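Student: Show me how the following folds:
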Amino acid sequence: MQDIQTLVFQYPNETKNRILSVSLYLFAKNGIAAVSMREIAQAVGIKTASVYYYYKSKQSVVEDIFICFTNEYKECLKQMGKAYSKSESVSSILDSIFNRNTPDVVCTFVCLGMSLAVREQHNNEFANRCVKELFFTDSIEAIKKNLDILVENETIPPSFTNLLAMHYMMWIITLNDIWLSEYFGNKSDINVDLLLYDMRYKLSKLLELGV
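Tutor: Here you go, the predicted structure:
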């Protein structure tokens, strides 16, 4: 297992932070149903009883992860708004989502959380809520608002910004799946660089043409 830092979990107890970090990794990689409390304990390096000391059930762990994820994701939306306000070209906008640099700990946390929510949306109420409220309501609304500002500043031409925002969000989710596959070391026949180039080109045309 790759080392998962605990900077995004800010509980005073480091063991609790470690439980959440390891659980997020295992859930995102294998699915919630496939991971037991015993496996979490083994991965953390503590007794199973110690996990139950902090969390009465696996569902309690899942709930806490999504609460923390929701808070961090909303903060990322705010930061995205600040970045957009400084964008002066379509290229700089696209750079914000097609950056291939190694993610920092917060980005890693958000990517894992997004993947977990999408994967478990039909099996877990908290995941379902994240997908509906965060990804397809809050995110699209925030992206649309930022695109409207870019239209006003004449960075992009007049557009159906709600449609663009939906395209943008779907691209982010797709890119997140690609990143996650690489993060877990999964081999694929897909030419990732070519796929990213194609995605960026199509999105750039949507922005430039003002669909």
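
Student: Any regions of the protein where pLDDT drops low?
Tutor: 1-8, 83-106, 187-190, 192, 207-211 (pLDDT under 70).

Student: Just the helices from it, written as ranges.
Tutor: Along the chain, the stretches classed as helices by DSSP state H are 14-30, 37-44, 48-54, 58-85, 90-95, 105-120, 125-129, 139-152, 161-183, 192-209.

Student: Just send those back as CSV, with mean neighbour count too.
Tutor: Where C-beta positions appear, they are placed from N, C-alpha and C, glycine not excepted. Shown next, in CSV, are the helices of the chain (neighbours: other C-beta atoms under 10 Å):
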stretch, mean neighbour count
helix 14-30, 21
helix 37-44, 17
helix 48-54, 15
helix 58-85, 16
helix 90-95, 16
helix 105-120, 21
helix 125-129, 17
helix 139-152, 18
helix 161-183, 17
helix 192-209, 14
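
Student: Pull up the gap between the closest residue in space to residue 126 that isn't next to it in sequence and residue 22, please.
Tutor: Using C-beta to C-beta, 6 or more residues apart in numbering and skipping residues adjacent in sequence, the residue nearest residue 126 is residue 66, 4.1 Å away. Separation of residue 66 from residue 22 (C-beta to C-beta, to the nearest Å) stands at 16 Å.

Student: Distance check, the residue of the chain most remote from its centre against residue 9.
Tutor: The outermost residue of the chain relative to its centre, with distances by C-alpha atoms, centre = their mean, is residue 49 at 30.9 Å. For residue 49, the distance to residue 9 equals 21 Å [C-beta to C-beta].
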